[in-house]
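Enquirer: Predicted model and sequence below, questions to follow.
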Amino acid sequence: MPGGRLTQQERQQIALGLADGLPYAEIGRRLDRPTSTITREVMRNGGPTAYRADLAHLATERRAHRRRQAAPRGGRQTPEQAHGRDPEAVRAYEETLTTVFMQSGMPKMMSRVLVCLYTTDDGTLTASELVQRLQVSPASVSKAITFLESQGLVRRERDERRRERYVVGEDVWYQAMIASARALAQVVEVSRQGVGVFGPGTPAGTRLENVARFLDFVHESTVRAAEQAREVLHTKPGT
């Protein structure tokens, strides 16, 4: 049924649809499934070019088995039940949000860590808490945090017990946009240096000049929009 787990036959239909170049929405329509279900299924099992129905079905069974084994420890129960939330609805949402981040170009582990922080009420977790929640190695968490920190999406803090905590701030996307704008500014500067190297008016020089002008405009617009949005749209919990 539409709300249940995907069957092996449905996964085979997804694989056939991908082979035929069908969009996720069309595959979902044929299976009477939401587009988000198809998207999440494909992205967490190799992506559209590497998806295989048999391997996807096996991986899903293994994940379900691991969840059943981990359930007695209760590592993920308390956060998901806060404020009367439905644990299954939270888990499904976390998977959907992870898929969206992956589609934007973010690697899978980085996406999982960011979602874990992003959906935590306190917005902060230690490395050990992330390891427990995600059931991954400390090295995987460390690598993901390093990447997210470089993008301005996460910062490190020390708590009263001197433990290192990873924090996703209330202005996480503002910081990310500003970090992106700084990267654009570097491309603009280097592109304009290239104009001098290849010569103004030459095909290469003109191309670099056009790149610099375009990205300079985007850079200024991004910074201005981010500043205005933070000032006007930011809300606090409970408001």
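Expert: Received it, and whenever you're ready, just let me know what you need. Residues are numbered from 1 along each chain as shown.

Enquirer: can we go C-alpha only for contacts and neighbour counts from here?
Expert: OK.

Enquirer: Give the residue farthest from the middle of this protein.
Expert: For the chain, the largest distance from the centre (Cα atoms, centre = their mean) belongs to residue 201, which lies 41.5 Å off.

Enquirer: Against residue 101, how distant is that residue?
Expert: When Cα to Cα, to the nearest Å is the yardstick, residue 201 and residue 101 sit 40 Å from each other.

Enquirer: quick one, what contacts the spatially most central residue of the chain?
Expert: Residue closest to the average C-alpha location in the chain (Cα atoms, centre = their mean): residue 101, at 2.4 Å. Applying Cα atoms under 8 Å, 6 or more residues apart in numbering, one finds that residue 101 lies in contact with residue 111.

Enquirer: Distance-wise, check it relative to residue 127.
Expert: 21 Å.

Enquirer: what comes up buried for the longest helix seen in the chain?
Expert: With DSSP state H setting the assignment, residue counts place helix 203-233 as the longest helix in the chain. The neighbour-count check on helix 203-233 (16 or more other Cα atoms under 10 Å) flags 205, 206, 208, 209, 210, 212, 215, 216, 219, 222, 223, 226 as buried.

Enquirer: Make TSV out of those and add pLDDT and distance to residue 114.
Expert: Below are the buried residues of helix 203-233 laid out as TSV (pLDDT from 0 to 100; distance: Cα to Cα, whole Å):
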residue	pLDDT	distance to residue 114
205	95	40
206	96	40
208	96	35
209	96	36
210	96	35
212	96	32
215	95	28
216	95	29
219	94	25
222	92	22
223	93	23
226	90	20
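
Enquirer: Need the max-distance pair from these.
Expert: Using Cα to Cα, the pair of the buried residues of helix 203-233 lying farthest apart is 205 and 226, separated by 31.3 Å.

Enquirer: Tell me how the protein divides into domains.
Expert: Dividing the chain into domains by automatic domain parsing, as the record does, gives the ranges 8-73, 81-167, 172-233.

Enquirer: how about residue 163, what does it touch?
Expert: Here residue 163 is in contact with residue 126 (criterion: Cα under 8 Å, 6+ apart).

Enquirer: Distance of it relative to residue 134?
Expert: Separation of residue 163 from residue 134 (Cα to Cα): 19 Å.

Enquirer: go on, residue 147?
Expert: 17 Å.

Enquirer: now do residue 178
Expert: Applying Cα to Cα, one obtains 29 Å for the distance of residue 178 from residue 134.

Enquirer: I am finished for the moment; much appreciated.
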